[in-house]
Every structure is written in C-alpha cells, then in structure tokens.
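Asks: my questions concern the predicted model and sequence given below.
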Amino acid sequence: MRVIELSNHPGDMLHDVSLRREATQRRAQARYDDALIQHRARVQTIRVRRDRARRNRQWRSWLRLVLAVWAESRRKPPKPAGPPPSDTDTQERIKAGIAGEQLVATQLGRALDDDWTLLRGYRNRRGEIDHLLLGPKGLFAIEVKNINATVSIDGDRWRADKYDNYGNLVEQREIADQKGRSPSEQLNEPAADLERFLHERGQRVTVQRVVVLAHKRSRVGSRRHPTVHVGTSAEYVLSLVKDSTATLDERQRADAERLIRRDHDFNERRRR
C-alpha cells in the first residue's frame, strides 16, 4: 500500500501545545527570576542597615533588623510550578490519537497491496479526515477515535459510557468536538464536500465513511440509525473493503488521487 502524507494535523497540534507549554514555563521562570532579584535586593538592604546599626552600637535597632533579615529571608518567592495539568492531559490525548491513527495505517498497509493508496491528513473547507483509502474497490474516508469507553450511537448523537470492573456505570458523557459535532458529523461534513468536489469534476465516486474506535478498551454499544460505519479495528475496514461493490480502474484512481491532492492543497493555502 502506498502512503501519501498530505498533512500532519495531530503532529502540528502536539507541536503547538509543546510551544505553548514552553512559552508558559519561560514566562513563569522570568517572573520568578525578577522576583528573586528583588527579594535578594531587599534582604541585602536590610543587612546593610543591620551592620550599620551594629557598628554604631545601636543595639535596639540592630536586634530589630536582625529579626527583619530573618523574616524577609523567609519570604523568598516560590519556584515556578510545572506545566498546567490541562496541557499535559492535552499532550497525552494527542499522542494517544497519533498512536491510534498509526496503528490503523500500519494494519491496513500489511493487508493491502500497491493498488491501494492511503492519503493521510486530508483537509477541506468542512474539516479534516484522518485517512482516505483509495483503491480498486472504492474510496473510504476513515476517522480514527481513541475513546476508552463503550460508545452508543443514535443517529449523529454519540455517547461514551464507562464502567468499573464490576460492570457498574461510573461515567456518561456526550462525544463531541469543540464545535459540538459528533464523530459521525466530523467525518460526514468533509466527506460529503469531497464527494461533491469529485462529482463536479466528472468522478462519480462514492465516499464510504468509517469511524474506527482504536482504543483497546473501545466497545460499540447500542446503534440506532448510524450515519457512518463504526468498528473497533482496521480489520473492520478491511471487511468493508472486501464487501464493497464499487470498482475503480487504474485511470479513475489516478484521476481521483490527483483531484484529492489538488483540493487539499487549495484548502491548505486558503487556511494559511
């Protein structure tokens, strides 16, 4: 299987978080350094006054200033704290997502020959798609999610249920991105736009949409009227490939790949 990296959005996100984290730590260190300089200056000023009082045998002032030095020394500014937990959590989530995407890509690569192409990191005006798998049996848009939960689906509404070791429900939450879109909406919107783009240019290709829940503890719960295919492994994608009735010859695949890359590049330039 050929692999073409159009963009590396998760890697870019991880880099941005790292830069933000480093900048925050630098600012905190700079504030600490300034506060430490001011603190040392205050202590030194009191020590000079203390020593002057001693030379002049002003014992009452000397004793007061001895205590003042001790008190001011104890007010040394605290060292800057480590990075905020939110940044660390974000980094770990992104790393887990990258690992999930790579696992799916690796498993597909082992099973498919060079008639197939995996385009990673496609982006258009409606969003991003982790993988586009293009081959003799059609075009598949694949979104990889690293969700440690049982996922229940009702149309475009997704819910994550977490259970303890005894089977008791301990957490329940809606699955949505910052725009409020469920994983199926995150995939359907750019996939539909890509399909329209290809159709308008003479490529009557249907984009088959698949969400892969890549976490080892991911499970698919109840499903009512799902708008995308949902599975828990690359093997599920391969089963859809096997059952697909679509056919694309070599020329159609080359034309589709060229258009996909052109559309991605156009939207990348516009985004910048």
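Replies: Perfect, I can see it now.

Asks: can you list the domains in the chain?
Replies: 2-13+85-271, 15-74 (automatic domain parsing).

Asks: those domains into TSV, with extra columns for mean pLDDT and mean neighbour count?
Replies: No exception for glycine: its C-beta is placed from N, CA and C like everyone else's. TSV is the format used below for the domains of the chain (pLDDT from 0 to 100; neighbours: other CB atoms under 10 Å):
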stretch	mean pLDDT	mean neighbour count
domain 2-13+85-271	91	17
domain 15-74	88	13
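
Asks: and the residue nearest the centre of the chain, backbone torsions?
Replies: When CA atoms, centre = their mean is applied to the chain, the residue found nearest the centroid is residue 94 (3.5 Å). The phi and psi values for residue 94, taken as degrees, to the nearest 10, are phi -70, psi -40.

Asks: could you measure from it over to residue 4?
Replies: Separation of residue 94 from residue 4 (CB to CB, to the nearest Å): 22 Å.

Asks: ok, residue 191 next?
Replies: Residue 191 is 18 Å from residue 4, by CB to CB.

Asks: please apply the same query to residue 213.
Replies: From residue 213 to residue 4 the distance is 25 Å (CB to CB).

Asks: same check on residue 225?
Replies: Distance from residue 225 to residue 4, by CB to CB: 34 Å.

Asks: what of residue 66?
Replies: 74 Å.

Asks: now residue 65
Replies: Going from residue 65 to residue 4 by CB to CB gives 73 Å.

Asks: would you state the strands of the stretch 1-150 of the chain in chain order?
Replies: Applying DSSP state E, counting those that start in this stretch to the stretch 1-150 of the chain gives strands spanning 2-5, 117-124, 127-135, 138-145, 150-154.

Asks: quick one: the helices in the stretch 51-200 of the chain, in order.
Replies: Remark: helices assigned in the stretch 51-200 of the chain by DSSP state H, counting those that start in this stretch are 59-74, 85-111, 183-200.

Asks: show residues contacting the first one.
Replies: When contacts are defined by CB atoms under 8 Å, 6 or more residues apart in numbering, helix 59-74 is touched by residues 39, 42, 43, 46, 47, 49, 50, 53, 54.

Asks: do stretch 131-140 as well
Replies: Stretch 131-140 has contacts (CB under 8 Å, 6+ apart) with 101, 104-105, 108, 112, 115-120, 122, 141-142, 144, 194, 205-210, 237, 240-242, 244, 246-249, 253, 256-257, 260.

Asks: kindly export that stretch (C-alpha atoms) in CSV.
Replies: The C-alpha atoms that make up stretch 131-140 are tabulated as CSV, following Å, rounded to 0.1, in the frame of the first residue of the first chain:
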residue,chain,number,x,y,z
HIS,A,131,-7.2,8.8,6.3
LEU,A,132,-8.5,8.4,2.7
LEU,A,133,-8.1,4.9,1.4
LEU,A,134,-8.3,4.8,-2.4
GLY,A,135,-8.2,1.5,-4.3
PRO,A,136,-9.8,-0.8,-6.8
LYS,A,137,-12.9,-1.2,-4.6
GLY,A,138,-13.6,2.4,-3.9
LEU,A,139,-12.8,5.4,-1.7
PHE,A,140,-13.1,5.1,2.0
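
Asks: next one: that stretch to chain centre, how far?
Replies: Between the centre of stretch 131-140 and the centre of its chain there are 24 Å (CA atoms, centre = their mean, to the nearest Å).

Asks: with stretch 192-200 instead?
Replies: 27 Å.

Asks: same deal with stretch 38-58?
Replies: On the basis of CA atoms, centre = their mean, stretch 38-58 sits 55 Å off its chain's mean C-alpha point.
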